[in-house]
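> Here's my sequence, what's the structure:
(4 chains)
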There are 2 protein chains.
Amino acid sequence: MTISIVDIARIAGVSPSTVSRALQDHPRISPERRAEIQRLAESLGYRPNQMARGLVTGRSYMLGAVVTDITDPFVAEVLKGAEAAAREAGYGLLFAMSNRDPAQELAAAETLLDHDVDGLMVISSRAPHRYADLPRRGDRETNAQTPVVLVNNGVAGPRLFSVRMDNVGGAREAVAYLRRLGHRRIAFVAGPEGGRSNRERLDGYRQGLVANGLGSATELIVQGAGLPEDGPRALATLLALADPPTAVLCYNDLAAIGLLAAAARTGRRVPGELSVVGFDNIPLSAYATPPLTTIEQPTAALGRTAVESCLRALAGGAVADVVLQGRLIVRESAGPCAR
Amino acid sequence: MTISIVDIARIAGVSPSTVSRALQDHPRISPERRAEIQRLAESLGYRPNQMARGLVTGRSYMLGAVVTDITDPFVAEVLKGAEAAAREAGYGLLFAMSNRDPAQELAAAETLLDHDVDGLMVISSRAPHRYADLPRRGDRETNAQTPVVLVNNGVAGPRLFSVRMDNVGGAREAVAYLRRLGHRRIAFVAGPEGGRSNRERLDGYRQGLVANGLGSATELIVQGAGLPEDGPRALATLLALADPPTAVLCYNDLAAIGLLAAAARTGRRVPGELSVVGFDNIPLSAYATPPLTTIEQPTAALGRTAVESCLRALAGGAVADVVLQGRLIVRESAGPCAR
DNA sequence: AGGCGTTGCGCAAACGTTTGTTCAATCCCG
DNA sequence: CGGGATTGAACAAACGTTTGCGCAACGCCT
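Sure thing, here's the model as predicted:
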């Protein structure tokens, strides 16, 4: 039988309310009683019933995370940072996957909300504009809606916050680096169409080209989906060009690794004949062949910051949208231009 | 303001209990009322308060998952399968990480239990024998303890179930395959010491050697941690041997990819001079250079089966321990023995 | 010694559901 | 038309907490 606060009360010969207060270190309980009750609770292995507690306080002490796919290393890292931060704050983390489908994403969000999460985080949303009018429970006293923080794909809105990385700056930095290595024909393998981070990285790529006195050429931009499977097709398309690129910036590391594999298979030497730069710095990128030069995403920080924003919103504090910077990780997949 | 069952009752002019039953399709409510109430609830955007419901039913409709590290692709895939199965059954999935530390693992398990999960899954536990006397809440009516299912590292115990893959068989198959390719000096890069799956794969490796008429040599077994970082050291150790191996089986793909990277760096051709076989078949293994030959883990099935076992235990059904088979995925990192 | 502030604790309501029991109305059958 | 079975819905208790309020006892000050 699980033991409750009234069991303790009965044994200690006090009222349940006294036990409750003693366990919360309420000042109006005498130190001796408090100690006695805490000792008793401990020895009986008392565990507060969170549902009962939640029912009255209106808090579940759980945060929700909607992700596209935990199998995506980037997502996993963000989630890892979020979990750590949540646990440190005494919060649990409930998650659900959308499989990159907007409809499933919204459904997942509702599921989590239905489980009474105190705050919701959405990583790489595919439908960010839909959250403004998602039905959310209001806080018992302040009547404020459950806060939602969009990671890496924010939009403005009531009780809607955002944490993201500076994709534009990252992509510009990558292009600038390639330019310094002497490259002038720099391609871009784009990610999921319509995605904000793809748009931003593409913008950064374009800005980088003009900032470095390089004209942009639409034929150097090839569409992909941000998956290793993009590699073969992107490589084939680019090498078929009349004036093929000497360097390529990829939407993410997954695509870059796919490109590396395709290059190895067709005997294209990297970085000798073709320089490749990824984006995200997933763990395995350091173990690609050759090790991948990439733009690091502040993944764990994104997750951590997201829960901090959630918590701050819950505490009633002001929450500012956050933009975190990435940085270039130089490894071996990009080298001097041979031409 | 969030609307509750009594709001609906007031508007519909009936009692709260009637509303509750109508929403559950209770037979003793007239069809017209039922329809009317359901329509009303729908139009008001009613969302049941799970905590209130849970308080009386003793169910939270959440399952917990303790994992070592979601950043590990294997773990992520298992979790993906679990999440899908849980969601299909109307369950949420709460997770916590242990960072491969037994103490953190137990703490994480307690945290999840404190959040009132109905069942707990532990993926690749580092302390499986500790769960038998973990304090768990008893079911309200049957008084049965919260079921715990250990994935990939099961031990027997009351309300303790296990789902795992046949590591022994998988490793044997890998060795047999290498033998068919002509290899006689086959090394093994071991994983985390003390881990059950490591022990089993090691056993399978040894059994494979004797089954194929190969003597085992302790110098061919090198310790690792199941991480890419293992690669360089393992390679150096093995190549320093008087009679170095022509093939190596790794505890997992992460280590194998690390090994591949180390080989590429030192100019060792794979599979020309050294054949490498991994274990797990993580997504990126197909994009390694060269693509990795590996033993596939039935990851998603492991996760799915784990939640099914949980659910079956909750329903009071008999739960058998499950062993799933892996299979060999032939790619390009292993080839005929040159010597 | 009377009054007042403080300290320590109990009472009871409240949170939003579910569910066993009771009760009234209707129906059917003889 | 009377009585038992059946149907439909209300009542109220229960789940395990938290918390505002009340109240008694005590100490202090004047």
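> Would you mind listing what in the stretch 101-250 of chain A touches chain B?
Within the stretch 101-250 of chain A, the positions adjacent to chain B are A:108, A:111-116, A:135, A:137-138, A:143, A:228, A:231 by C-beta under 8 Å from any C-beta of the partner chain. The way it works is simple: take the backbone N, C-alpha and C, and place the C-beta from them, glycine included.
> Among the residues you listed, give me the pair with the biggest separation.
Spatial extent of those (C-beta to C-beta) is set by the pair A:143 and A:231 at 51.0 Å.
> secondary structure element for residue A:187?
Per DSSP states H and E, residue A:187 falls inside strand A:186-189.
> for that strand, packing partners?
If you count contacts as 3 or more C-beta pairs under 8 Å, 6 or more residues apart in numbering or on different chains; DSSP states H and E, strand A:186-189 packs onto helix A:167-180, helix A:196-211, strand A:221-222, helix A:230-239, strand A:247-250, helix A:253-265.
> Export these as JSON lines, with columns for mean neighbour count and mean pLDDT.
As requested, those are exported to JSON lines (neighbours: other C-beta atoms under 10 Å in any protein chain shown; pLDDT from 0 to 100):
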{"stretch": "helix A:167-180", "mean neighbour count": "22", "mean pLDDT": "97"}
{"stretch": "helix A:196-211", "mean neighbour count": "20", "mean pLDDT": "95"}
{"stretch": "strand A:221-222", "mean neighbour count": "17", "mean pLDDT": "97"}
{"stretch": "helix A:230-239", "mean neighbour count": "20", "mean pLDDT": "96"}
{"stretch": "strand A:247-250", "mean neighbour count": "30", "mean pLDDT": "98"}
{"stretch": "helix A:253-265", "mean neighbour count": "26", "mean pLDDT": "95"}
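> can you tell me how far residue A:143 sits from residue A:316?
From residue A:143 across to residue A:316, the span is 12 Å (C-beta to C-beta, to the nearest Å).
> repeat for residue A:208
41 Å.
> need the contact list for residue A:123.
A:65, A:66, A:67, A:68, A:75, A:78, A:79, A:151, A:152, A:303, A:306 (C-beta atoms under 8 Å, 6 or more residues apart in numbering or on different chains).
> how about 6 Å then?
Residues near residue A:123 by C-beta atoms under 6 Å, 6 or more residues apart in numbering or on different chains: A:67, A:75, A:78, A:151.
> so what's the second one scoring on pLDDT?
Residue A:75 carries a pLDDT score of 94 in this model.
> In terms of helices and strands, where is it?
helix A:73-88.
> Excluding chain neighbours, what is closest to the residue nearest to the spatial centre of chain A?
In chain A, the residue lying closest to the centroid (C-alpha atoms, centre = their mean) is residue A:78, at 4.0 Å. Once flanking residues are discounted, residue A:78 sits nearest to residue A:303: 4.1 Å by C-beta to C-beta, 6 or more residues apart in numbering or on different chains.
> Confirm that neighbour sits in a helix?
Yes - under DSSP: H, G, I helix; E, B strand; the rest coil, residue A:303 falls within a helix.
> burial count for residue A:114?
Number of residues near residue A:114 (other C-beta atoms under 10 Å in any protein chain shown) recorded here: 17.
> how much space between the residue lying closest to it once chain neighbours are set aside and residue A:138?
Leaving aside its chain neighbours, residue A:114 sits nearest to residue B:47 (5.8 Å; criterion: C-beta to C-beta, 6+ apart). According to C-beta to C-beta, residue B:47 and residue A:138 sit 11 Å apart.
> Compare these two (neighbour count), which wins?
Neighbours of residue B:47 and residue A:138, each counted by other C-beta under 10 Å, are more numerous for residue B:47; the result is 17 against 14.
> Show me what the strand holding residue A:187 pairs with in its sheet, parallel or antiparallel.
Partners of strand A:186-189 in the sheet, by DSSP bridges, are strand A:221-222 (parallel), strand A:247-250 (parallel).
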